[in-house]
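# Return atomic coordinates for the entry below.
(one chain, ligands or ions: 1)
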Amino acid sequence: MSETPAERPVGDLSREQAAAELDALAGEIAAHDSAYHQDDAPLVDDAEYDALRRRNDAIEAHFPDLIRPNSPSRRVGAPAAAGFAKVAHTIPMLSLGNAFDEADVREFHARIRRFLGLTEAEPVVLVGEPKIDGLSVSVRYEEGKFTLGATRGDGLEGENVTANLRTVASLPETLKGKAPDVLEARGEVYMQRNDFAALNRRQEAAGRKVFANPRNAAAGGLRQLDPSVTAGRPLKIFLYAPGELRTPIAETHWDFLDRLRDWGFPINPLARRLEGADACLEFYRDIEGRRAELPYDIDGIVYKVDRLDWQERLGFVSRAPRWAIAHKFPAERAETVVREITVQVGRTGTLTPVARLEPVTVGGVVVSRATLHNEDEIARKNVRAGDSVVVQRAGDVIPQVVSVVVGKRPDVSEPFKFPELCPQCGSRVAREEGEVARRCTGGLICPAQAVERLKHFVSRDAFDIEGLGAKHIKAFRKDGLIASPADIFRLHEKSGDIETRQGWGSKSVENLIAAIRQRATIGLDRFIYALGIRQVGQATARLLAKHYGSLADWRRSMAAAQDPESEAYRDLVDIDGIGPSVAGDILAFFAEAHNRDVLEDLVTLLTVGDFAVPAATLSPLAGKTVVFTGTLENMSRGEAKARAEALGAKVAGSVSKKTDYVVVGADAGSKARKAAELGVAVLDESGWAEIIGGGG
Ligand code: IVH
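All right, here's what the predicted structure looks like:
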């Protein structure tokens, strides 16, 4: 294409061109709306989004008879901002690790065998279930009556959607037969494809928002504040996992599903018991072949260890169980044309090249941009503006450019040149030794980085400030109302200024200030995550919070750990899940005076709660540091470590004065000697078994 429609003045468009462009814009804007409102994951920045809407309005002004009933101009923007009550999950709602190919599935099996120390002869039985592409919820029944339903949220805290779940016809209000006093189960709310199509037809006829795919429609339905609106959205549910149970109700997952079925819950009829990796793979291929015939969308297969006692022994790694895995179906693909390649600046200054595409539908979603990852990727794939490319998307992952259709390359095209200067602030762009990413060196003088950091700071899994969205952050920063994160907690001093801004009134400002005040008390893990340190996501933030307990301790320790010879440094890299690379980024954050100032400023305005050690506080190992050495006979090293951590201990790799116990197996070497030197308590395997409660 010689000229992209977006560049053509509206007055020069023919009727056909105008109609075609309105069509494309409607699809594109709808996809952005759903990404923003349903998934809380915008695909474009606000300026870009606004430009699309302005273009739509301009074309409509010229061709009023082409205005579509579902035109973006007729749809109202955001859903109500006020929220649902929060629900803390007694048992966290976890996610799953992924397997993408046969080798991953075999490794999953091998890992289970190693962890449990099984002999070759002992079979591992799993249950395979379709992975439903919907949203997970937790439902609670007391004395057989449905009492509480919640969304997953961040896994620890979700939203109370009880009233909405009562509109899901297949979810029983009262359980059949004799059910336990308290029964909590987890499952997936979804919408069937035919119901989705009918819903969109109704929406379109009524001039309302159409949904990009059944998952978004289900999510939108469940998150309605008015349950009568949810009732008009035909939602369904499958149950597939236990939540809080006061009494054990089965010995295997298979029997657990049976019991749920007897009590009247919908259970996916395609679930099968499978013995070994080959049977799993065969099941996967079978379901994949029938995928198109199923009435609902699935995005893979979940395999779960059948024996619940094994599930318990296997436990969890950070936020996913060791006893289950999601084997994903291959990503959906489509071909389109790259309009141009632009470069985006992220929160930590990383420059990410992005392909701007002719909008194309991939697996039910309109895609207009795809990530090109980094400089090396562009060179490797040799992607150029004007190229025809194959794009793919899998689940919620950002669409990617897979390959170039070389035969379709235009006669004249040029390889992409990576900018030497940051497109946002003009600072020099650096590429560190051994890294693929190029980074803007502008730090906080770079507006893109500053805005992205602030957006991250208030985002859902961080400070979660209701009513302070990306748009406001950007506008407030531009107009000097906020510069650093701490300024958010001083916004009440500027209430007057905000009130006079377009779109604000005294009530909305009052709500915003109240929402901010409410978040001035925050847990340590969320606080750490909110800081946006490179490589410190939610899981790592939790590890740090758990390890250091309080903000004061963490800050002190990070100051001390600047010296790589220090014990504080060793302590940091010894945390399971934090290696030298992550530690390096954390310490780099603390090495910057500017960051320390921001922290200092924040602590004067906020109350950061100490990390509450869950449940295990009464265990004899709570807060203790344990080192394992040598070969244990009755438990693999992995299992021993997992048990210790579940009981609230920290497991370290080396012995120091801070070590409380060294557990010594056969052929132990220097660590046992060092323990003796330092006078640390040494346990043999039976002593260890006694501490963790017989078993082992
Ligand atoms: S089991 C602790 N089973 O997939 C394990 N999850 O990627 C709990 N999902 O958050 C999950 N179908 O929302 C399980 N048959 C199934 C599932 C399923 C869909 C979703 C669920 C979970 C996500 C993880």
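# Can you tell me the closest non-neighbouring residue to the residue in the chain that the ligand sits nearest to?
Closest approach between the chain and the ligand, counting by C-beta to the nearest ligand atom: Ser136, at 3.1 Å. For glycine as for every other residue, the C-beta is placed from the backbone atoms N, C-alpha and C. Counting by C-beta to C-beta, 6 or more residues apart in numbering, Arg152 is the residue found nearest to Ser136 once chain neighbours are left out, at 4.7 Å.
# was I right about the one you found contacting Gly134?
No: the criterion here is C-beta atoms under 8 Å, and Arg152 misses it with Gly134 at 11.0 Å.
# The two: which is more packed in?
Neighbour comparison, Arg152 and Gly134: the larger count goes to Gly134, with 25 against 19 (by other C-beta atoms under 10 Å).
# how about the more buried one, what does it touch?
For Gly134, the contact set (C-beta atoms under 8 Å, 6 or more residues apart in numbering) comprises 188-191, 214-215, 218, 296.
# So which of those reach the ligand?
Glu188 (C-beta under 6 Å from any ligand atom).
# So which of the contacts of Gly134 is surrounded by the most neighbours?
Busiest of the contacts of Gly134 [other C-beta under 10 Å] is Ala218, holding 31 neighbours.
# Up against the ligand, what does the stretch 251-400 of the chain have?
The stretch 251-400 of the chain comes close to the ligand at residues 302, 321, 324, 326, as judged by C-beta under 6 Å from any ligand atom.
# quick one on the thing from earlier: among the contacts of Gly134, which are in helices?
Among the contacts of Gly134, the ones falling in helices (DSSP state H) are 214-215, 218.
# how about TSV for those, with pLDDT and distance to Gln203 added?
Putting the ones in helices among the contacts of Gly134 into TSV (pLDDT from 0 to 100; distance: C-beta to C-beta, whole Å) gives the following:
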residue	pLDDT	distance to Gln203
Pro214	89	13
Arg215	90	16
Ala218	94	14
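# So which of the residues you listed is the closest to Leu543?
The closest of the ones in helices among the contacts of Gly134 to Leu543 turns out to be Arg215 (C-beta to C-beta; 30.5 Å).
# Skipping adjacent residues, who's closest to that closest one in space?
Leaving aside its sequence neighbours, Arg215 sits nearest to Asp133 (C-beta to C-beta, 6+ apart; 5.1 Å).
# How many residues are close by the one you found?
Asp133 has 21 nearby residues by other C-beta under 10 Å.
# correct me, but it touches Ala217?
No: Asp133 lies out of contact with Ala217 (C-beta under 8 Å); the separation is 11.4 Å.
# quick one: pLDDT of Ala370?
Per-residue confidence (pLDDT) for Ala370: 92.
# Closest to the centroid, which residue in the chain?
For the chain, the residue nearest the mean C-alpha position is Asp154 (8.1 Å; C-alpha atoms, centre = their mean).
# hang on, that one packs against Gln538?
Yes: counting by C-beta under 8 Å, Asp154 sits close enough to Gln538 to count as a contact (7.3 Å).
# The ligand contacts on the stretch 1-150 of the chain?
Contact residues, the stretch 1-150 of the chain versus the ligand (C-beta under 6 Å from any ligand atom): 94-96, 129, 131-132, 136.
# among those residues, which ones are buried?
Neighbour-count burial (16 or more other C-beta atoms under 10 Å) is assigned, among those, to 94, 96, 129, 131-132, 136.
# okay if I get those residues as CSV plus pLDDT?
Converted to CSV, these look like this (pLDDT from 0 to 100):
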residue, pLDDT
Leu94, 85
Leu96, 93
Glu129, 98
Lys131, 97
Ile132, 96
Ser136, 95
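# Need those in JSON lines (columns: distance to Pro123 and secondary structure).
Output for those, formatted as JSON lines (distance: C-beta to C-beta, whole Å; DSSP: H, G, I helix; E, B strand; the rest coil):
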{"residue": "Leu94", "distance to Pro123": "26", "secondary structure": "coil"}
{"residue": "Leu96", "distance to Pro123": "23", "secondary structure": "coil"}
{"residue": "Glu129", "distance to Pro123": "19", "secondary structure": "strand"}
{"residue": "Lys131", "distance to Pro123": "24", "secondary structure": "strand"}
{"residue": "Ile132", "distance to Pro123": "27", "secondary structure": "strand"}
{"residue": "Ser136", "distance to Pro123": "30", "secondary structure": "strand"}
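# Just the CA atoms of the host helix or strand of Ala197, as PDB, please.
Secondary structure from DSSP states H and E places Ala197 in helix 193-205. Taking C-alpha atoms only, helix 193-205 is exported to PDB below (Å, rounded to 0.1, in the frame of the first residue of the first chain):
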ATOM      1  CA  ARG A 193     -19.700 -19.100  21.300                       C
ATOM      2  CA  ASN A 194     -23.300 -19.200  20.000                       C
ATOM      3  CA  ASP A 195     -24.400 -17.100  23.000                       C
ATOM      4  CA  PHE A 196     -21.600 -14.700  22.400                       C
ATOM      5  CA  ALA A 197     -22.600 -14.200  18.700                       C
ATOM      6  CA  ALA A 198     -26.300 -13.600  19.700                       C
ATOM      7  CA  LEU A 199     -25.200 -11.200  22.400                       C
ATOM      8  CA  ASN A 200     -23.100  -9.200  20.000                       C
ATOM      9  CA  ARG A 201     -26.000  -9.100  17.500                       C
ATOM     10  CA  ARG A 202     -28.300  -7.700  20.300                       C
ATOM     11  CA  GLN A 203     -25.600  -5.200  21.300                       C
ATOM     12  CA  GLU A 204     -25.100  -4.000  17.800                       C
ATOM     13  CA  ALA A 205     -28.800  -3.700  17.100                       C
END
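# residues of that helix that come out buried?
Residues of helix 193-205 classed as buried by neighbour count (16+ other C-beta under 10 Å): 193, 195-196, 199-200, 203.
# Just list what that helix packs against, helices and strands only.
Where contact means 3 or more C-beta pairs under 8 Å, 6 or more residues apart in numbering; DSSP states H and E, helix 193-205 is packed against helix 214-222.
# Which parts of the stretch 51-200 of the chain are strands?
For the stretch 51-200 of the chain, applying DSSP state E, counting those that start in this stretch gives strands covering 86-88, 98-99, 125-132, 135-142, 145-151, 157-159, 182-190.
# how about low-confidence regions in the chain?
Of all residues in the chain, those with pLDDT under 70 make up the ranges 1-7, 30-50, 68-82, 364, 394-397, 444, 613-618, 694-696.
# same thing but 50
Within the chain, the ranges that satisfy pLDDT under 50 run 1-6, 38-40, 76-82, 616, 695-696.
# hey, where'd the strands end up in the stretch 551-696 of the chain?
Applying DSSP E, counting those that start in this stretch to the stretch 551-696 of the chain gives strands spanning 607-609, 625-629, 650-652, 661-664, 681-683.
# What are the contacting residues of stretch 537-545?
154, 318-319, 461, 523-529, 536, 554, 575-578, 582, 586, 611.
# can you check stretch 158-173 too?
Residues outside stretch 158-173 that contact it (C-beta under 8 Å, 6+ apart) are 83-87, 89, 93, 137-139, 145-153, 189, 221-224, 227, 230-231, 235-237, 263-266.
# Now restrict the residues you listed to buried residues only.
Buried among these (16+ other C-beta under 10 Å): 84, 87, 89, 93, 137-139, 146, 149-153, 189, 221-224, 230-231, 235-237, 263-266.
# So Ile473 versus Leu454, what's the distance?
Distance of Ile473 to Leu454, computed by C-beta to C-beta, to the nearest Å: 5 Å.
# quick one on the thing from earlier: what about the closest residue to the residue nearest to the centre of the chain other than its chain neighbours, how many neighbours?
In this structure, Asp154 finds its nearest non-sequential neighbour in Asp461, 5.1 Å apart by C-beta to C-beta, 6+ apart. Applying other C-beta under 10 Å, we find 18 residues neighbouring Asp461.
# Then Gly496?
Using other C-beta under 10 Å, Gly496 is surrounded by 9 other residues.
# Let me know the helix or strand that it is in.
Here Gly496 is assigned to helix 495-499, by DSSP H and E.
# what's next to whatever helix or strand comes next after that helix, contact-wise?
Proceeding N to C from helix 495-499, the next assigned helix or strand is helix 506-518, under DSSP H and E. With C-beta under 8 Å, 6+ apart as the test, helix 506-518 has contacts from 81, 465-468, 488-489, 491-492, 495, 498-499.
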